[in-house]
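A.B. asks: what follows is a protein structure lacking sequence information:
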């Protein structure tokens with residue numbers, strides 16, 4: 001049944017696939033065979049394949065549930081739903097947590113990740129509206145301008161060639177589309193503590209401040225950002241958030257940035 005689902009999903013999204021020459025095919029086969037080994041691709045700063053089976057456990061903790069709710073609320077600041085006719089590319093999809101959320105909003109989702117272990121977990125979810133494949137963010141195997149939205153959540157921190165990855169994402173999004181980026185905020189106290197303690201995977205990544213993120217993205221289009229935090233002084237973990245650039249700096253742990261072309 002799972003194989004049948006994957007075949008149907010592949011047929012649904014094949015119109016966005018880019019024709020690959022022999023060299024590109026060899027490159028993709030290399031990605032599939034080396035990711036997750038001790039010599040995983042240099043484009044990734046951390047091998048998430050080693051924790052693929054346990055990756056989603058954090059979302060089941062009390063703290064994880066709170067932050068997940070906050071981050072998804074921030075994402076909905078920029079995404080309208082339902083969107084039954086829109087195609088979305090989720091770059092660095094991991095185990096499919098965010099891809100499945102986007103699929104629940106009605107988007108037809110293609111999730112890609114450099115780790116075949118992560119993709120295996122994502123595929124096992126058999127999520128509605130979602131198709132998953134192994135791919136490098138710096139070499140996306142899709143035609144130009146074939147997605148309405150491109151997302152990348154908690155991924156840029158762990159990509160060595162960020163400029164190349166961003167150029168690929170903006171190549172794949174339509175002229176009237178947007179790229180939505182979620183990334184860990186270096187200014188947030190919880191992330192500063194993680195870095196000070198040398199905790200992985202944070203210590204292996206490169207966390208950016210809102211100013212740094214804005215400087216990185218502004219050449220691609222108009223940028224808006226939001227970063228929310230649980231309020232320690234309000235009952236029920238009510239949310240506080242501010243939208244940049246008017247209210248920089250943002251202190252929430254996770255920045256959501258929208259770039260309109």
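C.D. replies: Happy to help now that I have it. Since the structure is predicted, the reported quantities are computational estimates derived from the model, not experimental observations.
A.B. asks: switch to C-alpha atoms for all contacts and neighbour counts from now on
C.D. replies: Noted.
A.B. asks: quick one: residue 84 and residue 179, what's the gap?
C.D. replies: According to CA to CA, to the nearest Å, residue 84 and residue 179 sit 18 Å apart.
A.B. asks: show me what contacts the spatially closest residue to residue 229 that is not a sequence neighbour?
C.D. replies: Closest residue in space to residue 229, ignoring its immediate chain neighbours: residue 252 at 4.8 Å, by CA to CA, 6 or more residues apart in numbering. Contact analysis of residue 252 by CA atoms under 8 Å, 6 or more residues apart in numbering lists 185, 187, 188, 227, 228, 229, 241.
A.B. asks: also residue 177?
C.D. replies: So residue 177 contacts 147, 148, 149, 260, 261 (CA under 8 Å, 6+ apart).
A.B. asks: hmm, back to that, the more surrounded of residue 84 and residue 179?
C.D. replies: Just comparing residue 84 and residue 179: by other CA atoms under 10 Å the higher neighbour count belongs to residue 179, 28 against 12.
A.B. asks: I'd say that one and residue 153 touch.
C.D. replies: No: with contact defined as CA atoms under 8 Å, residue 179 does not reach residue 153; the gap is 10.8 Å.
A.B. asks: elements contacting the host helix or strand of residue 131?
C.D. replies: If you go by DSSP states H and E, residue 131 is part of strand 130-134. Strand 130-134 makes packing contacts with helix 2-13, helix 97-104, strand 108-113, helix 116-124 when contacts are defined by 3 or more CA pairs under 8 Å, 6 or more residues apart in numbering; DSSP states H and E.
A.B. asks: how near is residue 67 to residue 132?
C.D. replies: Distance from residue 67 to residue 132, by CA to CA: 25 Å.
A.B. asks: try residue 251
C.D. replies: Counting by CA to CA, the gap from residue 251 to residue 132 is 33 Å.
A.B. asks: higher neighbour count, the two?
C.D. replies: Each of residue 251 and residue 132 has its neighbours counted (other CA under 10 Å); residue 132 has more, 27 against 21.
A.B. asks: just checking, that one touches residue 119?
C.D. replies: Yes: counting by CA under 8 Å, residue 132 does reach residue 119; the two are 6.4 Å apart.
A.B. asks: list residues touching both of these two?
C.D. replies: Listed as contacting both residue 132 and residue 119 by CA under 8 Å, 6+ apart are residue 112.
A.B. asks: where in the stretch 51-200 of the chain is pLDDT low?
C.D. replies: Residue ranges of the stretch 51-200 of the chain with pLDDT under 70: 51-52, 54-55.
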